[in-house]
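In: build me a model from this:
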Amino acid sequence: MEFFKIGRDLPFMRYALVFNVISFLTFALAVFFLVTRGLHLSVEFTGGTVMQVSYAQAADVEGVRKTVADLGYGDVQVQNFGTARDVMIRLPAQKGVSSAQQSEQVIAALKGAEPSVSLKRTEFVGPQVGEELATDGLMALGMVILGIIIYLALRFEWKFAVAAIIANLHDVIIILGFFAFFQWEFSLSVLAAVLAVLGYSVNESVVIFDRIREAFRRFRKMNTHEIIDHAITANISRTIITHGSTQVMVLSMLLFGGPTLHYFSLALTVGILFGIYSSVFVAAAIAMWLGVKREDLAKSGPRKEDPNDPNAGAVV
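Out: Numbers count the residues shown, from 1 in each chain. So this is what the prediction gives:
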């Protein structure tokens with residue numbers, strides 16, 4: 001489906017060097033902030049106290065969050081747990097204060113605001129558990145990256161695989177750079193968003209690479225530069241439709257999802273925007289500079305396509 005059709009190919013690759021210099025500088029800044037400031041890790045990674053409290057009626061999560069924040073806990077996480085009456089509270093560890101003392105202080109403040117509240121359980125999450133979660137998260141990220149490399153190398157050609165993985169790592173590092181610069185809280189949900197962005201960016205790269213492959217087969221007189229411009233131009237309508245609708249949904253979570261979904265949707269928002277940018281200006285340009293050509297894709301075998309089909313080679 002196309003909302004509009006562009007009559008001539010746009011010269012994306014003419015400005016590839018400029019856009020990739022911008023990408024490199026952004027990437028370098030992200031690495032700099034990650035090294036100098038580091039990530040502001042949540043309780044899941046650093047350790048702390050986890051409390052579950054129950055109310056006689058539906059809990060006012062915002063009121064609970066404000067009450068706990070007034071005690072001096074700036075990084076507190078408050079969310080419903082199971083039912084509307086049950087609330088889970090995650091408190092960061094404090095020097096010189098035990099987990100039992102933290103829970104007593106919090107439950108006393110909550111009872112002062114609402115006498116019906118009761119403490120159902122409290123437990124301490126040690127730093128060792130957080131270290132294990134961080135290790136498992138990095139392993140998951142590594143496995144995803146390895147799977148992407150293998151998939152793209154088998155489906156296309158190694159030059160496409162290298163180009164796509166550089167572009168996708170570019171997205172991941174920039175997301176982490178934003179979180180390091182603004183010291184936004186990095187939690188397990190944010191890690192899940194980063195993994196989701198990886199998959200999302202790969203899908204966009206695959207669609208563009210499919211277009212490039214089909215254009216190589218259909219237009220014998222075009223050079224690589226012109227083929228890539230044509231492939232990206234032919235994909236613009238799909239990109240606007242799919243990414244526009246996705247971004248609307250993510251922005252809705254960001255604006256109306258509340259504090260629980262705030263950083264998750266924020267990571268997705270940044271990642272999707274840079275994912276579109278990197279698939280067009282980074283992945284395609286790197287594949288061009290690596291010297292991808294018609295002969296590289298000949299091993300995929302001939303495939304008959306209707307030359308009048310505007311969706312030939314598209315993958316959704």
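
In: which strands and helices lie in contact with the helix or strand hosting residue 107?
Out: Assigned by DSSP states H and E, residue 107 belongs to helix 99-113. On a contact count with 3 or more C-beta pairs under 8 Å, 6 or more residues apart in numbering; DSSP states H and E, helix 99-113 meets strand 48-54, helix 61-69, strand 83-92, strand 118-125. The C-beta positions use only the backbone N, C-alpha and C, and glycine is treated the same way.

In: so residue 235 versus residue 218, what's the distance?
Out: Distance of residue 235 to residue 218, computed by C-beta to C-beta, to the nearest Å: 15 Å.

In: neighbour count winner among the two?
Out: Applying other C-beta atoms under 10 Å to residue 235 and residue 218 shows that residue 235 carries more neighbours, namely 21 against 14.

In: the nearest residue to that one once chain neighbours are set aside and residue 46, how far apart?
Out: Counting by C-beta to C-beta, 6 or more residues apart in numbering, residue 235 lies nearest to residue 211, which is 5.4 Å off, once chain neighbours are set aside. Counting by C-beta to C-beta, the gap from residue 211 to residue 46 is 45 Å.

In: just want to know which of those two has more residues nearby.
Out: The neighbour comparison of residue 211 against residue 46 (other C-beta under 10 Å) goes to residue 211, with 24 against 17.

In: which strand or helix spans that one?
Out: helix 188-218.

In: how about residue 146?
Out: helix 127-155.

In: in that helix, what's buried?
Out: Under the neighbour-count criterion of 16 or more other C-beta atoms under 10 Å, helix 127-155 has 130, 133, 134, 137, 141, 144, 145, 148, 149, 152, 153 buried.

In: now stretch 23-41
Out: Here stretch 23-41 shows 23, 26, 27, 30, 33, 34, 39, 40, 41 as buried, counting by 16+ other C-beta under 10 Å.

In: ok, now stretch 223-234?
Out: Neighbour-count burial for stretch 223-234 [16+ other C-beta under 10 Å]: 224, 227, 228, 229, 230, 231, 232, 233, 234.

In: output that stretch as PDB - backbone C-alpha positions only.
Out: Listed next in PDB are the C-alpha coordinates belonging to stretch 223-234 (Å, rounded to 0.1, in the frame of the first residue of the first chain):
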ATOM      1  CA  ASN A 223      25.100   1.500 -10.900                       C
ATOM      2  CA  THR A 224      25.200   0.600  -7.200                       C
ATOM      3  CA  HIS A 225      24.700   4.300  -6.100                       C
ATOM      4  CA  GLU A 226      21.600   4.600  -8.200                       C
ATOM      5  CA  ILE A 227      20.200   1.200  -7.200                       C
ATOM      6  CA  ILE A 228      20.400   2.100  -3.500                       C
ATOM      7  CA  ASP A 229      18.700   5.500  -4.100                       C
ATOM      8  CA  HIS A 230      15.900   3.800  -6.000                       C
ATOM      9  CA  ALA A 231      15.400   1.100  -3.300                       C
ATOM     10  CA  ILE A 232      15.200   3.600  -0.500                       C
ATOM     11  CA  THR A 233      12.900   5.900  -2.500                       C
ATOM     12  CA  ALA A 234      10.600   3.000  -3.400                       C
END
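
In: contacts for that stretch next, please.
Out: The contact list for stretch 223-234 (C-beta atoms under 8 Å, 6 or more residues apart in numbering) reads 6, 8-13, 208, 211-212, 214-216, 219, 222, 280, 284, 287-288, 292-293, 310.
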